[in-house]
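Colleague: for reference, the sequence and a predicted model appear below.
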Amino acid sequence: AAKINLGGGEIGGETLTSQPLGVYTFQTDVTINDDVFFEGDSDDVFIIQMTGNLVVAGGKKVKLVGGAKAENIIWQVAGYVVVEAGAHMEGI
């Protein structure tokens, strides 16, 4: 089953895993106010779906752990995306 509204939409400081299923659904905006980690093997897929916007705070990073690959992280954003100065994103 999908993971729904993790952290109320604030995923900064979280470690997202692909087990048992790497689908994260948000019925809110998603904010990253601290580094967020995607942990998995090189063939693990992560899907992050949101009905709102995605905002990454300045200087914060999306980090890959344990072999997770950027091309296997899919961001589905219904609203707008803001990546502030010095922030680093991974995924497509």
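Modeller: Nice, I can see it. Residues are numbered from 1 along each chain as shown.
Colleague: now for the lowest-mean-pLDDT helix or strand in the chain, which elements pack on it?
Modeller: Ranked by mean pLDDT, DSSP states H and E, the weakest helix or strand in the chain is strand 3-4, scoring a mean of 94. Of the remaining helices and strands, those touching strand 3-4 by 3 or more C-beta pairs under 8 Å, 6 or more residues apart in numbering; DSSP states H and E are strand 23-26. Yep, even glycine has a C-beta here, placed from its N, CA and C like the rest.
Colleague: so what strands line up beside the strand it packs on?
Modeller: strand 3-4 (parallel), strand 46-50 (parallel) (DSSP bridges).
Colleague: quick one: residues in contact with the least confident helix or strand of the chain.
Modeller: 23-27 (C-beta atoms under 8 Å, 6 or more residues apart in numbering).
Colleague: filter those down to just the buried residues.
Modeller: With neighbours counted by 16 or more other C-beta atoms under 10 Å, the contacts of strand 3-4 contain buried members at 23-26.
Colleague: one step back: which SSE is immediately downstream of the least confident helix or strand of the chain?
Modeller: Following strand 3-4 in sequence order, the next helix or strand is strand 15-17 (DSSP states H and E).
Colleague: which parts of that following strand are buried?
Modeller: For strand 15-17, burial by neighbour count (16+ other C-beta under 10 Å) applies to 16-17.
Colleague: residue contacts, the residue nearest to D44 when sequence neighbours are not counted?
Modeller: Computed as C-beta to C-beta, 6 or more residues apart in numbering, the closest residue to D44 that is not its neighbour in sequence is S18, at 3.7 Å. S18 makes contacts with 40-41, 44-46, 68, as judged by C-beta under 8 Å, 6+ apart.
Colleague: with A87 instead?
Modeller: A87 neighbours (C-beta under 8 Å, 6+ apart): 32, 56-61.
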